[in-house]
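Undergrad: Return atomic coordinates for the entry below.
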Amino acid sequence: MNRYLNTEQCSILANSLLGRQCEVLTIRIDDLSIILDLVRNMCNLRALNCECQNEFWVNHLTFSSDDELVAWLRSSLPDKYSISRHRSCLVQLWISR
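TA: Numbers count the residues shown, from 1 in each chain. Reported below is the predicted structural model:
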């Protein structure tokens, strides 16, 4: 599937029965702020893998600890979230509940 979900679509998913039961989610999103909405609204989520359409991560060959998105997520979420980049475009979050 080459489709990126928008804020409204992700909100519907997060608030659905499936979203409330989901523990592992791999998703393509069209806005970075959706990541925060998903982890805050999906109460059973343990792992989130996401690719964001509007992210302009230029260096696809280097896995840098200075990654701006990863740094932003780390500053926006509690320490119980382990955040990393896997490959050039996939951000992974592991959640300790």
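Undergrad: What ranges does the chain have for its helices?
TA: Along the chain, the stretches classed as helices by DSSP state H are 7-14, 17-21, 33-41, 68-76.
Undergrad: From the contact counts, what lies against the last one?
TA: Helices and strands touching helix 68-76, as assessed by 3 or more CB pairs under 8 Å, 6 or more residues apart in numbering; DSSP states H and E, comprise helix 33-41, strand 81-86, strand 90-95. To be clear about C-beta, it is placed using only N, CA and C from the backbone, and glycine gets the same treatment.
Undergrad: Of those, which is nearest Ser11?
TA: Smallest distance to Ser11 across these (CB to CB): 6.7 Å, for helix 33-41.
Undergrad: which other residues reach the closest one?
TA: With CB atoms under 8 Å, 6 or more residues apart in numbering as the contact definition, helix 33-41 has outside contacts at 5-7, 10-11, 14-15, 19, 25, 27, 29, 45, 48, 50, 52, 73, 76-77, 81, 91, 93, 95.
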